[in-house]
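Student: how would this look folded up:
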Amino acid sequence: MKTKLRFIFYPEAFFIGLMVLSFSNASFAKETSYAPVSITKTFAEIMKEDSQNKSALMKKHNKLLNERYNLSGKVDSKITMSGGKPLPIGPTVKLKNKLTWDALSKMSPKEIKQKSIFPYLPLPHVSPDGGGLVVAPAQLKTHPELTRFDMEFDLPDTYLPQFPPPLYLISRPDLGDVSGGDEITLNNYYAMLNGILTPFQLDGMRLLVTPVAQQQFNVTTDRKTKIAQDAVSCFTCHVNGHTSGVFHLNPDNRPQNTRFRIDTPSLRGVNIQHFFGSKRALRSLEDFSEVEAKTAYFDGDPVIALKKGARRFTREEIAAMAAMQNMIAFPPAPKLGIDGKLNPAKATESELRGQKIFADSCASCHTPPYYTDNSAHDLQVERFYNGRAEGLIKTFALRGIKDSPPYLHDGRLLTLEDTVEFFNLILETHLNQEQKTDLVAFLQAL
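Tutor: Numbering: from 1, shown residues only. Prediction:
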């Protein structure tokens, strides 16, 4: 005797099931921490679509920049970065409603927020939805393999660090800039540094300049460069142990639309830091080096890292990379004494006045001699504008700060003058113009 199976169709149950499934998929797509792993489009289709959208994307973003900033490129040729590049002059931001800085600084955070006149809103990534590493034109001249077909760098060269920047070594201060004005790469590091570094440090340098896979530069179909290749090394972003102004999205929060643009910080003086990462979440330079290669290179997603070919360094290699990074020194500051403070015999009156203002207003976080407390602080910037809380920002070391525009974690402060105006509002210090000028003069001396 055969048993017949019968399937009874209940329209109501089927409809409810579809609703539950749709809701579940929609919720997952909205809230998931992971990027899509399986890409169904071909590389040709992705490149064609991104290339067609590029013009409109850049037009929209450049409009935002020009609405916020005066990007005239004004510089002070008398004050330069340690490598000789003229320093940009600000403030560059445009105030609304014919406001003056003095009038703005007298308003309360609540009033500024209500009137929507806060001038230093977070600087967005060119493509917040797509994100990824974007390299400046000066670097693309020697590294065309880092050119993306979906977007371009956005800030003028005036407001970026010198490329390539000098490299100073803690172990050999007598040599000054050991790079000789060249970018250190896999092709020249050995000839340049053999006899200066130890064998262990030299091997660390080799690893720091060896190109590996990265989220946008790899061999998968969803890469953002025409040629399938491993093209990004640690020193792609931290050129000569400093920074080239490369930006991407911070790796430490989700969902995607809540992530902030992050400007690449300098590795100069990294030996004096106790905690690492944009939120000071990593407890050693070795951990930082390993996590960067395994996850940060891939938007903080280890699943994608596995797919795209993350390099898995051994602990000995990680130690060598850390050992080399710990040799990278701050640039010379001839006006500072051994305590990190100005030598009165060398400093100008303006710089000395600026140092006093700094000690009263800024030194509780930026403590001499390196001008960091090795911590992170919540500036509560959202007091001034309608937007999500920005949270903790690590206290950057200010030694050699003139070499590192743009400033703050997302690069929204294009000059030191913008930085002083920003913190004058944030800290509600109510400095007058002369005091702000003196404070900038002090920062330039660091």
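Student: use CA for all of it now, contacts and neighbours both
Tutor: Noted.
Student: outside of stretch 34-49, which residues touch it?
Tutor: 149, 150, 221, 222, 223, 224, 226, 301, 303, 304, 307 (C-alpha atoms under 8 Å, 6 or more residues apart in numbering).
Student: Quick check: closest non-adjacent residue to the third one.
Tutor: In space, residue 221 comes closest to residue 43 once its chain neighbours are excluded; the distance is 4.5 Å by C-alpha to C-alpha, 6 or more residues apart in numbering.
Student: What is the burial count for the one you found?
Tutor: Burial of residue 43 is recorded as 16 neighbouring residues (other C-alpha atoms under 10 Å).
Student: which stretches of this structure form helices?
Tutor: 11-31, 43-68, 101-105, 109-114, 137-140, 189-193, 199-208, 234-237, 285-294, 302-308, 315-325, 349-361, 416-426, 433-445 (DSSP state H).
Student: Can you lay out those helices as a markdown table showing mean pLDDT and distance to residue 367?
Tutor: Shown next, in a markdown table, are those (pLDDT from 0 to 100; distance: least, C-alpha to C-alpha, whole Å):
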| stretch | mean pLDDT | distance to residue 367 |
| --- | --- | --- |
| helix 11-31 | 41 | 40 |
| helix 43-68 | 98 | 32 |
| helix 101-105 | 97 | 25 |
| helix 109-114 | 98 | 26 |
| helix 137-140 | 97 | 33 |
| helix 189-193 | 98 | 33 |
| helix 199-208 | 98 | 29 |
| helix 234-237 | 96 | 27 |
| helix 285-294 | 83 | 21 |
| helix 302-308 | 90 | 36 |
| helix 315-325 | 95 | 22 |
| helix 349-361 | 98 | 9 |
| helix 416-426 | 98 | 16 |
| helix 433-445 | 98 | 13 |
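Student: among those helices, which is nearest residue 257?
Tutor: Nearest to residue 257 among these is helix 11-31 (10.1 Å), distances taken as C-alpha to C-alpha.
Student: Pick out the residue nearest the middle of the protein.
Tutor: For the chain, the residue sitting closest to the mean C-alpha position, by C-alpha atoms, centre = their mean, is residue 263 at 1.5 Å.
Student: out of all of them, which strand in this protein is the longest?
Tutor: For the chain, the strand that runs over the most residues, judged by DSSP state E, is strand 75-80.
Student: elements contacting that strand?
Tutor: Packing partners of strand 75-80 (3 or more C-alpha pairs under 8 Å, 6 or more residues apart in numbering; DSSP states H and E): strand 86-88.
Student: And the contacts of the strand it packs on?
Tutor: Residues outside strand 86-88 that contact it (C-alpha under 8 Å, 6+ apart) are 73-81, 158-159, 402, 415.
Student: Stretch 174-192 too?
Tutor: 163-169, 193, 202, 205-206, 209-210, 235, 239-240.
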